[in-house]
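J.: Curious how this folds, go ahead:
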Amino acid sequence: MTGRRAALLLVVASLPAACGEEDTPPVAQSCTGEPAEIVTALAAAPEAVELPDGARISDCLRNATTQADLQNVGVALSRAAEDLELRMLDGDADAALQLGYLVGAAREGASTTSGVGAELVRRLERSAAAGELAPRVEAALERGLAAGARRG
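T.: Numbers count the residues shown, from 1 in each chain. Below you'll find the model as predicted:
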């Protein structure tokens, strides 16, 4: 009987893996760290951006499975977006490109979370839609959005 019970437990334990469910990795520390580190990493945009510990921005949202994780990710990404927004409004096309990348990557990450990250994406989008922009700044923002969606 003990052998059958052990075999049954082994089968039951393997069911989630067999059904396609996967454990979500924890949120990387850089996703909730200093916003300045996120902004520094975004200097690589429009190429693929990796945060200091190798995480991608889209993974930050994808892996935020609890309200606490999402709130912590949201604080870091929102502050980074606000910094970039201020620079963009001053006519900084590089900041516009980086902000666009951040928003595009966040959209990509949230697209797989059944709406969990939607409010965070809306907050980031507000930073990217902050008024009249010079044509070159607007173009940089659009390039960043596209790059973030592709590589984020």
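
J.: and the closest residue to residue 93 other than its chain neighbours, helix, strand or coil?
T.: Counting by CB to CB, 6 or more residues apart in numbering, residue 93 lies nearest to residue 140, which is 4.0 Å off, once chain neighbours are set aside. Placement of C-beta: from N, CA and C, glycine included. Three-state call for residue 140 (DSSP: H, G, I helix; E, B strand; the rest coil): helix.

J.: from here on, count from 39
T.: Got it, the first residue is 39 from now on, which makes the last one we talked about residue 178.

J.: wait, residue 178 sits on residue 139?
T.: No - applying CB atoms under 8 Å, one finds residue 178 not in contact with residue 139, separated by 10.0 Å.

J.: Can you name every helix or strand that the helix with the most length in the chain contacts?
T.: In the chain, taking DSSP state H as the definition, the longest helix is helix 105-127. Packing partners of helix 105-127 (3 or more CB pairs under 8 Å, 6 or more residues apart in numbering; DSSP states H and E): helix 73-79, helix 95-100, helix 131-148, helix 156-166.

J.: who's more crowded, residue 178 and residue 139?
T.: Legend: neighbour count by other CB atoms under 10 Å for residue 178 and residue 139, higher for residue 139 (31 against 24).

J.: and that one, what pLDDT?
T.: Per-residue pLDDT puts residue 139 at 97.

J.: That one against residue 183, yeah?
T.: Yes - judged on CB under 8 Å, residue 139 makes contact with residue 183 at a distance of 7.5 Å.
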